[in-house]
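*Asks:* output the structure for:
(chains A and B)
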Amino acid sequence: MQIIDGFVALFGAWQPVFFALLGTIIGLAAGAIPGLTGSTTIALLLPVTFYLDPLSALALIYTISKSSDFAGSIPGILFNTPGTPQATATASEGYPLTLQGKQGKAMKMAVIASAQGDMVSELLLIFGAAYLAGYAAKMGPPEYVAVYFCAFIVIASVIGDSVIKGVLSTLLGLLLAMIGADAITGLERFDFGIDYLSEGLSLVPVLLGVLVLSEVFARVMDRTEIEEDRTIAPESENPSDRRVTWAEYKRCLPAIYRSSTIGTIIGMLPGLGATIACFVAYGEQKRVSKSDQWGKGEIEGIAAAEASNNATSGANLVPLLTLGIPGSTTAAMLAGVMVIHGIQVGPRVFVESHDLIYGLFAAGLLCIATYLVVGYFGSGLVGRAIALIPVRMIYPFIFITCFVAAYAVRQAVFDMFVMMLFGVVGFAMRRLALSVPAFIIAFILGHGMEAALRRTMLLDESGAMIFFERPIALAFFAIGILTILLRVRAARIKFRSTTRAATGTE
Amino acid sequence: METSTPRRDAFAALLLLAICVPFALVLGEIYIDPFDAGFSARDFPVGVLSAIVVLSLVLLIRSIRQMRQAGTPFVDRTVVEEHLKFGLPIVLVGIAYVSLFVMFQYLVPTAIAMSVVLYMFKNRGWVRLGLVPVIASLGFYLLFFGVLSLHEFPGTVVRYDGSQMWRGLMALFGQ
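*Replies:* Below you'll find the model as predicted:
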């Protein structure tokens, strides 16, 4: 059992265990504070990971993302203010329960379902990813070009409401990835005479700017949220209102497993994240359920939403570890940390960094167990603690931390300016409905795609015709083209129905 | 995430075209090895830039046409004023902070910038605007330049050796 090797690696020194537990606690706090998401916190902590050994660094990031996925439900249930976008469906069922004094029951159901969904996904990752990676390791540069193409097209067309803007966001990421040394010859490109750009744009300042600083800019613009006040409704004195009864758990079990499956499948697809998974699972459960309590505090709704959104967290790593394609912003940051620590991202990671990868999986399992215990017994305490933290105090701290975090990477003031610039670019992208995740993923993968394409062109004199001799490459190209055609068709149907509705009302 | 509107599409296209300009200007400077087989170092950037320009123009033309049909003005004054009133100041604070960091090193600029940003987020009172920034700056300083041993950029106006301060502090605790 390779996972045992993982536990040996994790518990072999105090640091990996400590950072796995620390990440879980940080993730719980980050997810529970409205506006501070797991990915924002990870971006802020990226420079700290440079000072850690690879397993501790990866464990810290992975556990933050896992526990923050669950913790977003806490403010959603208590204050009707979801801590993360994926907790929106949970809030719609959890907050009515809080108004009835049953917040303890709602939060306990949320943590049980989250842990179970997460466990299903983690087990798939542990036992399935290495198997898939075995096939992926046989792929050559032409197949990789097709995989990159497919991933970019899928991500660009499924995130956001406009295919053309999704594609443009991806292209922008590719363009900026070309700054610095050329992938094949090593000659400098687009450095604009600036020495700091000769090695390309540093990943951390770009991520901090686009993900974190832009969020601070957005919050200072949003005047209403700064005023926000949070109070918790009084809890019922009845003990059965404060816990999940066995009968309730048994009733929710099919919902948990159905939603875990949905979340795992959606999590494996690049670009589709926890938010989409939770709404699909919530909708599906509502469709099959016989209850008339939906929207008024249906505990099955909490179970479905939470199991599905946490089930994406392990599955999200499947494309990263098997193909080297990060399917989400968090996976992209994990890929960035792997590259910084000299770990090759992709299928060979299971051979070259065996203990490290299984150590990471073991950290994931430890994280699930920890947040299950902390969440079950301490969600109320976390809720009361975050009620005391004024939102208006958090963002100034984040603002200041961004600068020192950007500086920490190369200890260069230039990186602080880069972060500022990308903060403005990220803010503009958000306001103009361009896709930030598509941009980030393309920025991280751009170099690899160009290198694969140019190596492919060197393989055969026939040029692009080589792709027609490779069935796997053709299949990936076909999936990409099919995805974009389906998305364009769906957009046209929606446009026509909107136009018809508008004409009908006139 | 915001939803797309013709106005947002038009500005998104203009933003992307503006970003492309400096790249297009230096595109010709990319060296091409005459003996290079397959794709050269310039081909991929040319392809990406061309695709951005073409798609941005399509988006721009389409959105302008939609705005004309709907009679929507190209610029919404209230949105511009809102961005100038709340968005621009925080960007300027960021630029000023980095400039002050270059001149006076970390501690003082951080306390000042934090106080200003706390004010922008509607915090009031001497505790939040005075005490919190000073304590937080010291905390950050100890964490990053002490514990994590970052090298502090020497100030062009005021210069001090933070590592000496850290060593002195550690000596106080007998380490």
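*Asks:* from now on I want contacts and neighbour counts done on CA atoms only, so please keep to that.
*Replies:* OK.
*Asks:* quick one, domains of chain B?
*Replies:* Chain B breaks down into these domains under automatic domain parsing: B:6-75, B:78-172.
*Asks:* make JSON lines from those domains and add mean pLDDT, mean neighbour count and distance to A:A464 to it.
*Replies:* Below are these laid out as JSON lines (pLDDT from 0 to 100; neighbours: other CA atoms under 10 Å in any protein chain shown; distance: least, CA to CA, whole Å):
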{"stretch": "domain B:6-75", "mean pLDDT": "90", "mean neighbour count": "16", "distance to A:A464": "10"}
{"stretch": "domain B:78-172", "mean pLDDT": "87", "mean neighbour count": "17", "distance to A:A464": "46"}
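*Asks:* CSV for those, including distance to A:G295?
*Replies:* What follows is these, written out as CSV (distance: least, CA to CA, whole Å):
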stretch, distance to A:G295
domain B:6-75, 34
domain B:78-172, 34
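*Asks:* of all these, which lies closest to A:R251?
*Replies:* A:R251 lies closest to domain B:78-172 among the domains of chain B, at 45.5 Å (CA to CA).
*Asks:* is there proximity between that closest one and chain A?
*Replies:* Yes: using CA under 8 Å from any CA of the partner chain, a contact is recorded between domain B:78-172 and chain A, made by B:82-83, B:86-87, B:90-91, B:94-95, B:98, B:102, B:110, B:113-114, B:117-118, B:120-123, B:140, B:144, B:148, B:150-153.
*Asks:* can you give me the end-to-end distance of that domain?
*Replies:* End-to-end span of domain B:78-172 (CA to CA, to the nearest Å): 57 Å.
*Asks:* same question for stretch A:80-97.
*Replies:* Chord length of stretch A:80-97, first to last residue, is 11 Å (CA to CA).
*Asks:* which residues sit against that stretch?
*Replies:* With contacts defined as CA atoms under 8 Å, 6 or more residues apart in numbering or on different chains, stretch A:80-97 is touched by A:31-37, A:69, A:71-79, A:103, A:106-107, A:110, A:274-276, A:278-279, A:282, A:294-299, A:301-302, A:305-306, A:309.
*Asks:* need the phi and psi values for A:G180.
*Replies:* Main-chain torsions, A:G180, degrees, to the nearest 10: phi 110, psi -160.
*Asks:* follow-up on the earlier one: among the domains of chain B, which is nearest A:A9?
*Replies:* domain B:78-172 (24.9 Å).
*Asks:* and the longest helix along chain B with chain A, contact?
*Replies:* Longest helix in chain B by number of residues (criterion: DSSP state H): helix B:43-70. Yes: against chain A, helix B:43-70 shows contacts by CA under 8 Å from any CA at B:F44, B:P45, B:V48, B:L49, B:A51, B:I52, B:L55, B:S56, B:L59.
*Asks:* hmm, back to that, so which of the domains of chain B is nearest A:A181?
*Replies:* With respect to A:A181, and counting by CA to CA, the nearest of the domains of chain B is domain B:6-75 at 9.9 Å.
*Asks:* how many neighbouring residues does whichever residue of the stretch 1-150 of chain A sits closest to chain B have?
*Replies:* In the stretch 1-150 of chain A, no residue comes nearer to chain B than A:Y51, which is 7.7 Å away by CA to the nearest CA. By the criterion of other CA atoms under 10 Å in any protein chain shown, A:Y51 has 11 neighbours.
*Asks:* and the residue lying closest to it once chain neighbours are set aside, backbone torsions?
*Replies:* What sits nearest to A:Y51 in space, not counting adjacent residues and going by CA to CA, 6 or more residues apart in numbering or on different chains, is B:L148, at 7.7 Å. Per-residue torsions, B:L148: phi -90, psi 0 (degrees, to the nearest 10).
*Asks:* what do you get for the one 5 residues further on?
*Replies:* Note on B:F153: backbone dihedrals following degrees, to the nearest 10 are phi -60, psi 120.
*Asks:* show me the strands in the chain, by range?
*Replies:* Since you didn't name a chain, this refers to chain A. Ranges of strands in chain A, per DSSP state E, are A:180-181, A:188-189.
*Asks:* A:A151: which of those strands is closest?
*Replies:* strand A:180-181 (23.7 Å).
*Asks:* the closest one - contacts with which helices or strands?
*Replies:* Helices and strands touching strand A:180-181, by 3 or more CA pairs under 8 Å, 6 or more residues apart in numbering or on different chains; DSSP states H and E, are strand A:188-189.
*Asks:* quickly compare the strands of chain A and say which is most buried.
*Replies:* Compared across the strands of chain A, strand A:188-189 shows the largest average neighbour count, a mean of 24 (mean count of other CA atoms under 10 Å in any protein chain shown).
*Asks:* how about it and chain B, any contact?
*Replies:* Yes: contact of strand A:188-189 with chain B (CA under 8 Å from any CA) involves A:E188, A:R189.
*Asks:* report all helices and strands that that strand contacts.
*Replies:* Using 3+ CA pairs under 8 Å, 6+ apart, the elements in contact with strand A:188-189 are strand A:180-181.
*Asks:* given the strand it packs on, what are its sheet partners and their directions?
*Replies:* In the sheet, strand A:180-181 lines up against strand A:188-189 (antiparallel) (DSSP bridges).
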